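**Student:** All I have is the shape, not the residue letters:
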């Protein structure tokens, strides 16, 4: 499973390549997911009703994964490991990484600086 991070989904919504093409391709195969955290980030950033409608259509095309106790425990472990090394990545990113690890998903992101710190996390990277 491929899990799209907010940055890649925002690129898709703005038509910015190469993210837009990759998201279109993954949606066409039916294998693209995101998290409830990413959905929150997208929806809370939408100012106009037309933006919210566009985001709603995108989210309807994705499998939106939720946070449960297993994901919470995985995210907490990631946080402890990284903060012991002074490499904090932020609460939302801990949770997104936790979802990916629990679901054995590959994260589609441009945020290599944060997510490359997470041991065992599979990344599909964009260099822009």
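**Tutor:** Structure's in. What do you need? Model, not experiment: these values are computed from the prediction.
**Student:** Just give me the longest helix of this structure.
**Tutor:** For the chain, the helix with the greatest residue count under DSSP state H is helix 69-84.
**Student:** which SSE is the closest residue to residue 19 other than its chain neighbours in?
**Tutor:** Computed as C-beta to C-beta, 6 or more residues apart in numbering, the closest residue to residue 19 that is not its neighbour in sequence is residue 11, at 3.4 Å. In this view, the C-beta of every residue, glycine as well, is placed from N, C-alpha and C. Under the criterion DSSP states H and E, the helix or strand holding residue 11 is helix 6-14.
**Student:** can you list the residues that contact that helix?
**Tutor:** Counting by C-beta atoms under 8 Å, 6 or more residues apart in numbering, the neighbours of helix 6-14 from elsewhere in the structure are 4, 17, 19-20, 22-24, 34, 38, 41-42, 45, 51, 54-55, 58, 108-111, 126.
**Student:** Take these and keep only those in strands.
**Tutor:** Taking DSSP state E, the ones among these that sit in strands are 4, 34, 108-109.
**Student:** hey, where'd the helices end up in this structure?
**Tutor:** Counting by DSSP H, the chain forms helices over residues 6-14, 19-29, 36-45, 49-60, 69-84, 91-103, 112-115, given from the N-terminal end onward.
**Student:** Export those to TSV and append columns for distance to residue 121 and mean neighbour count.
**Tutor:** Listed next are the helices of the chain as TSV, based on distance: least, C-beta to C-beta, whole Å; neighbours: other C-beta atoms under 10 Å:
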stretch	distance to residue 121	mean neighbour count
helix 6-14	15	20
helix 19-29	18	16
helix 36-45	15	17
helix 49-60	23	13
helix 69-84	8	15
helix 91-103	5	23
helix 112-115	6	15
